[in-house]
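[1] Got a predicted structure plus its sequence, pasted below:
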Amino acid sequence: MIYTLSRSPLSVIGFCFVSIFLIIALIGPMIIGYPGDITGAIHMDQKLKPPSSTHPFGTDEVGRDIYSRVIMGTRLSFQIGLIIIFIAMGIGVPLGIIAGYMGGWLDEVIMRVTDIFLSIPGLLLALAIVGALGPGIKNAMLALSIVWWPGYVRLVQGKTLSLREESFVEAAKSIGASKLRVIFGHILPNCTSPIIVKASMDMGMAILFAANLGFIGVGAQPPMPEWGAMISTGRNYLPDHWWMATFPGMAILITVLGFNLLGDGLRDILDPQSRI
Amino acid sequence: MEPILEIKDLKIEFATFEGISHVLEGIDLTLGRGDTLGLVGETGCGKSITAKAILRLLPIPPARIVSGEILFEGEDLLKKSEEEMKEIRGKRIAMVFQDPMTFLNPVFTIEEQLTDVILAHKGKEDSGLRGGRLNRKQAVEKAIELLREVKIPQPELRIKSYPHEFSGGMRQRVLIAMALSRSPRILIADEPTTALDVTIQAQILWLIHDLVQRHGHSVLLISHDLGVVARVCKKIAVMYAGNIVESCSTVQLFKRPLHPYTQGLLNSILTFSRRESEAQGIKGMIPDLIQPPSGCRFHPRCSRTMDRCLKEKPPMIEIEEGHWISCHRYESPLSPLFKRGVGGD
Amino acid sequence: MANQLLELKNLKKYFPLGKGFLKDHKGDVRAVDGISFSVRGGDSFGLVGESGSGKTTVARLILRLVEPTEGEVLWDGRDICKFSESEMKEMRRNMQMIFQDPHSSLNPRKTVFKSIAEPLIIHEGMRGRSLRERVEELLGIVGLKHEHMFRYPHELSGGQKQRVGIARALSLHPKLLILDEPTSALDVSVQAQMLHFLESLQEKMGLTYLFISHNLAVIRYTCDRVGVMYLGRIIEMGKTEGIFSSPRHPYTKALVSAVPLPQAEQPEKMIFLAGDIPSATHIPSGCRFHTRCPEKIGAICEEVEPSTHRFSDGNQVDCHLYQ
C-alpha cells in the first residue's frame, strides 16, 4: 500500500491534509484560545484586528477570534459532511442493491426515480429544498442528503449488476444461500471499495456544498462558526480586512482538495482497474 | 545463412506492487529464415513478454530492458527509435494475438479496418504493391483477396460486416489476414488459438501451416500447449521461469527430451492418445520471480539436482546438432546422462 | 431404473430473445434442446462439447440455478424440478458444483474458513469449535493446511483456490459432484495432480461425478461414460473408450481428429469441419450438424432430425448414417 501511495505524491498530500483535518476536528476545543467566541461572545473592543500573536488569524467584525472559529469550524464541517454522506449512503446503498439484484420492474422504477433526481443540478436542488423548508443547518444537511443519495444508487446498482454474474454468487446459491444472505454476505461486502472511494471524494464536496449554502445564507446560521458563513460576512470587509475571508477560504480549499486527492489515492489502492 | 531473428542474452525486469520481478533472465533465441519455431511454457515463464519485447510493445516503465540484443536481419531492434519501430511493426514483423476481439475496432467494418492497414504503409519496396500507392478501390480488392486466402467464405459480402458479426474463429482469420497483408518477414503468433474451440483451433492451425508453407514466412508461435506447437512448428524452445531450458527440433523434443523440466512437462500432459499411462505432475510450484531460486531456477522442483544447481545458472550449450540445453547435468556431449541414451535415469 | 442416481429426461432450456416491458418474442436461444441421460451412483459421466453446446447450462439446470423450459431432472426417481424452495434447499446437500474459474468462484472478501464454513452454517447451523473442527477436517481432505484457513483468495494459487472450492462442495457430504472444467484454469504441470486427487477423492468418499469439459483428454482420463453435445443435444453417448477410439458420429470424429497431439508424428489425414458453429438462435433444420458435416448424405440430413440408434455395445448415436 505504501508503494502505491508513494507512486502518487498527490494522494500522500491528500492523506496528510485529511489527517490534519481529522485531528483538528477531534482535538479542536483543546487548541483554541477563545472558546466563548464560538457560542456568541462579542468583544467590540477587539474588532477587526489583523493577525497577531494573540489572534493568529485576526478578529472579525464583532471581535471574535477567527482562529478559534476556523478550528471549530473544522469540527462542524466534519459533522456536516459525515451526516450528509451517511444519510445518503443509508438511502442509496440499499436501494442500489435491491435494484441491481432483483432486476425487473423494481430496478426500472428505482433507477428512473434516481435519474430524475440526478438530472437536477445539485446546488439548485438543495437551494429549492432549503427554500421550501427554511434556512438552517439542519435543513441544509437534509437537503444535501437528498441531493447525494442518487449517486450511491447508481454506483451500487452498477456494481451489483456485475457481481450478480460472478461465479461466487452462483456458488452461494448452489450451496443453498437465501437471497438475503447472498445480498448481505456476498454482494454488499464486495461493493464497499467503490463506496469508500466515492464517500471520501464526496466528503470534500459535501463540505463544499454546505459552505456554499452557508455563503448564500441559507445554511448554518450565526453564531455557528461555519466556514461558508464566515466567508460571506468577510466578503464585505475585503480587501482591507482580508483575514476574515481568507482563512476560512483556505480551510475550505485545503479540506476539499485533501479529500479529493485522498479519494483518488484510495481508488488506486482499492480498485485499480477503474483508473481513468 | 544468417538467421532472421536473433535474441542474445535478453534480460528484462518488471516493477510490480510487491517488488521487482525478474521476468527474463538472459535468454538466447534464434529464428532462422523460413523456420517455424514454437515457444512453449507455462504461466509466467516469460514467453509472451519475449514476443512483446521483440516488437518493443512492452510498457516501459514498469518494464525495463536490462541488457541484451534483439537482432532482426542483423540490426538491433532495442536500439531503434520509435519511428523506426513503427515502420517495422506490422510491415516487416507482424503479430497475431490471443483475443481477436480486443484488436478489432467494433465500430468499423472489416473492410474499413483492412483497407486502413493496407493503405497505412505506403512505399515502393512493399512486395505486392506494384507501382507504389494504391487507391482505395485497389485496397478493397486486395482486402477481399486476403480474406479469400484465409478461407473466409464469400469474402466480397462478408467484408462489409462488423467484427461482432463474426465468430471468434473468423475474427482470428481476419487478424491473420491483417498480419499477412504487408507480407512480413516474420509472423509472431501469441496463443492464437487458445480462446477458440477445438474444431476451430484445428482449422486455424492448419491455415497458419498452409500459409506459411506457401509464402515462406518465418514464424514464432507462442503457446502453453505442446500439441498446438507440434502441429505447426518444426522447432521448439521450452521456457521456464524466464529462461529457455531446451531448444531443438520438434522430433527431437518428443523423441528424446533431455531437460528435467521438459521431461516432467511431457509426463504431466494428459495426452489424448494414450489412455493407460499415468500422467504425473511436477512437484512444487512455479517460482516467484521477485525472489527467484538461486542458480538454476528449476532446482527446487528438479529430481536430479547437484550442488552446482543451487549456485550457478547453467549455460546454454549445443549438446548435439541443433539441440541446445541449459542444465548442469548436460555439460557436454560426454555427460553420462546424455550418453546413456534415453535421457532418463 | 431404480439404481440411477441422476436421470435427465428430455430436458430443455430456451432463453427468450427480446426483453423489457414489452416482450416482443423474437425467438429463442435454444441452449439445451432435449437432453436425456442417466448416471449411476459411483460412476463418472462426462459431457463434452464446444461453445454453444449447452453443457454448462445442463449443469445449471441440474442444480436448478436456472429453471427448465421442459423436461425432468430425476434424483433417485423424484423430479426435483417440481420441488418447493424448502425441499430444494434440502436437495442442495446432495449435489454440489465445482466451478470453472477458481479465481472467481470464491468471494474475494471471505477467508478460506468463511467460504468453507458457509454451507455448514446455512444447513446445519454449526458454530464455534465444532464448526472449526469440521473445516479443519475438510481442509485436510483436500490437502490444504491449517495455515491456509484464514487466508484470502488472492493469497492463494489457482490450484489452492480450486481445492477450497472442492472443500466447500464436500462440506455437506454430497452424493453428486458436478465439475465444470475443473482443470482448464490450471497450469499443465498441475492438472494431472488435480485429476489424480479427484480420482482418489471419489473412491474415498463414494462420490458420483459429472464432468463437463471441452478438453477430450481430461474426459478420457476420468470418465467411464461420455455424452458428446452439439448445439444443445447429445449426438453420441456411451462408454468413453469406445467412443473416442472408434467414434461413429461425424462430429465426434472431427472432434477427436482436432485434438492437437503433443507428439512428433502428426496425423496425415485430419478432418476439418466447414464453417463455424451455428448460433443457438438459428439452429439448422433437420440434423443440426448438417451444415458442417463432411459425411452428409443428402436431403434427409437437411430435413429430418435423426433419432437415436442404440448399438449392441451399449453406445448410441443420433445420425442418419446409422438409421
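    Nice, thanks for sending it over.
[2] any idea how far C:A192 lies from C:G159?
    According to Cβ to Cβ, to the nearest Å, C:A192 stands 11 Å off from C:G159. For every residue, glycine as well, the C-beta is placed using N, CA and C.
[3] Now do the same for the residue in the stretch 1-150 of chain B positioned nearest to chain C: helix, strand or coil?
    Here the stretch 1-150 of chain B gets closest to chain C at one residue, B:E42, 4.5 Å apart by Cβ to the nearest Cβ. Assigned with DSSP: H, G, I helix; E, B strand; the rest coil, B:E42 falls in the coil class.
[4] wouldn't it be in contact with B:P287 here?
    No - counting by Cβ atoms under 8 Å, B:E42 stays clear of B:P287, with 11.4 Å between them.
[5] out of those two, which sits in the more crowded spot?
    Neighbours per residue, other Cβ atoms under 10 Å in any protein chain shown: of B:E42 and B:P287, the larger number sits with B:E42, 21 against 18.
[6] my guess is A:N139 meets A:V130, correct?
    Yes - applying Cβ under 8 Å, one finds A:N139 in contact with A:V130, separated by 5.3 Å.
[7] Does C:S36 fall in a helix, a strand, or a coil region?
    strand.
[8] can you pull the contacts of it?
    C:L8, C:K9, C:N10, C:L11, C:I234 (Cβ atoms under 8 Å, 6 or more residues apart in numbering or on different chains).
[9] State the distance from it to C:F83.
    20 Å.
[10] Kindly report the same for C:R64.
    In terms of Cβ to Cβ, C:R64 sits 8 Å off from C:F83.
[11] list the residues that contact both of those two?
    C:M91.
[12] Name the nearest residue to the residue in chain B that chain C sits nearest to, ignoring sequence neighbours.
    Of all residues in chain B, B:G227 sits closest to chain C, at 3.0 Å by Cβ to the nearest Cβ. The shortest distance from B:G227 to any non-neighbouring residue, by Cβ to Cβ, 6 or more residues apart in numbering or on different chains, is to C:P260 (3.0 Å).
[13] The one you found in helix, strand or coil?
    coil.
[14] Could you count how many residues lie near it?
    C:P260 has 21 nearby residues by other Cβ under 10 Å.
[15] Could you do the one 4 residues further on as well?
    Counted with other Cβ under 10 Å, the neighbours of C:A264 add up to 14.
[16] and if you look at the one 3 residues further on?
    With neighbours defined by other Cβ under 10 Å, the count for C:P267 comes to 12.
[17] Run through the residues that contact it.
    C:S257, C:L261.
[18] The one 3 residues further on too?
    For C:M270, the contacting residues are B:A202, B:W206, C:S257, C:A258, taking Cβ under 8 Å, 6+ apart as the criterion.
[19] If you rank those by neighbours, which is first?
    Going by other Cβ under 10 Å, B:A202 tops the contacts of C:M270 with 24 neighbours.
[20] so, in contact with chain A or not, stretch B:19-28?
    No - figure legend: stretch B:19-28 not in contact with chain A (Cβ under 8 Å from any Cβ of the partner chain); closest approach 8.7 Å.
[21] Would you pull up how far that stretch lies from the middle of the chain?
    A distance of 17 Å separates the centroid of the chain from that of stretch B:19-28, by Cα atoms, centre = their mean, to the nearest Å.
[22] Could I get the buried residue list for that stretch?
    B:S21, B:H22, B:V23, B:L24, B:E25, B:G26, B:I27, B:D28 (16 or more other Cβ atoms under 10 Å in any protein chain shown).
[23] between the residues you listed, which is closest to B:I269?
    B:I27 (23.2 Å; Cβ to Cβ).
[24] what does whichever strand or helix holds that closest one contact?
    For B:I27, the enclosing helix or strand under DSSP states H and E is strand B:19-31. Contacting residues not belonging to strand B:19-31 are listed as B:3-15, B:37, B:39, B:46, B:49-50, B:53, B:63, B:67-68, B:186, B:218, B:220, B:237, B:239, B:241-244, B:247, B:289-292, B:297, B:313, B:316 [Cβ under 8 Å, 6+ apart].
[25] Turn the buried ones among these into a named PyMOL selection, would you?
    PyMOL command restricting the contacts of strand B:19-31 to the buried ones, with burial defined by 16+ other Cβ under 10 Å:
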select buried, chain B and resi 3+4+5+6+7+10+11+12+13+14+37+39+46+49+50+53+63+68+186+218+220+237+239+241+242+243+244+247+289+292+297+316
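[26] quick check, nearest of the contacts of C:M270 to chain A?
    Nearest member of these to chain A, counting by Cβ to the nearest Cβ, is C:A258, at 27.9 Å.
[27] ok, that closest one - contacts?
    C:A258 neighbours (Cβ under 8 Å, 6+ apart): B:V198, B:T199, B:Q201, B:A202, C:M270, C:I271.
[28] Would you convert the residues you listed into TSV that also reports distance to A:G234 and secondary structure?
    Putting the contacts of C:A258 into TSV (distance: Cβ to Cβ, whole Å; DSSP: H, G, I helix; E, B strand; the rest coil) gives the following:
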residue	distance to A:G234	secondary structure
B:V198	75	helix
B:T199	77	helix
B:Q201	73	helix
B:A202	78	helix
C:M270	85	coil
C:I271	85	coil
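[29] for chain B, what are the nearby residues on the stretch 101-250 of chain A?
    Close to chain B, as judged by Cβ under 8 Å from any Cβ, the stretch 101-250 of chain A has no residues.
[30] Chain C contacts on the stretch 101-250 of chain A?
    A:105, A:108, A:166-168, A:170-178, A:181, A:185-186, A:189-190, A:192.
[31] Quick check on the residues you listed: which are buried?
    A:166-168, A:170-177, A:181, A:185-186, A:190.
[32] Can you tell me which of those is closest to C:G42?
    Once Cβ to Cβ is applied, the member of those that ends up nearest C:G42 is A:S174, at 22.0 Å.
[33] Quick check: pLDDT value at the closest one.
    In this model, A:S174 is scored at 90, pLDDT.
[34] next one: B:K124
    41.
[35] hmm, back to that, chain neighbours aside, what residue packs nearest to the residue of the stretch 1-150 of chain B closest to chain C?
    That would be C:D187: by Cβ to Cβ, 6+ apart, it lies 4.5 Å from B:E42.
[36] tell me the contacts of that neighbour?
    C:D187 is in contact with B:E42, B:T43, B:H224, B:I286, C:G158, C:G159, counting by Cβ under 8 Å, 6+ apart.
[37] where do the strands sit along the stretch 1-150 of chain B?
    B:5-16, B:19-31, B:36-40, B:63-72, B:75-76, B:93-96 (DSSP state E, counting those that start in this stretch).
[38] which stretches of the chain have low pLDDT?
    I'll assume chain A. Along chain A, the parts satisfying pLDDT under 70 run over A:1-7, A:271-276.
[39] My question was about chain C, not that one.
    Using pLDDT under 70, chain C drops low at C:1-3, C:18-26.
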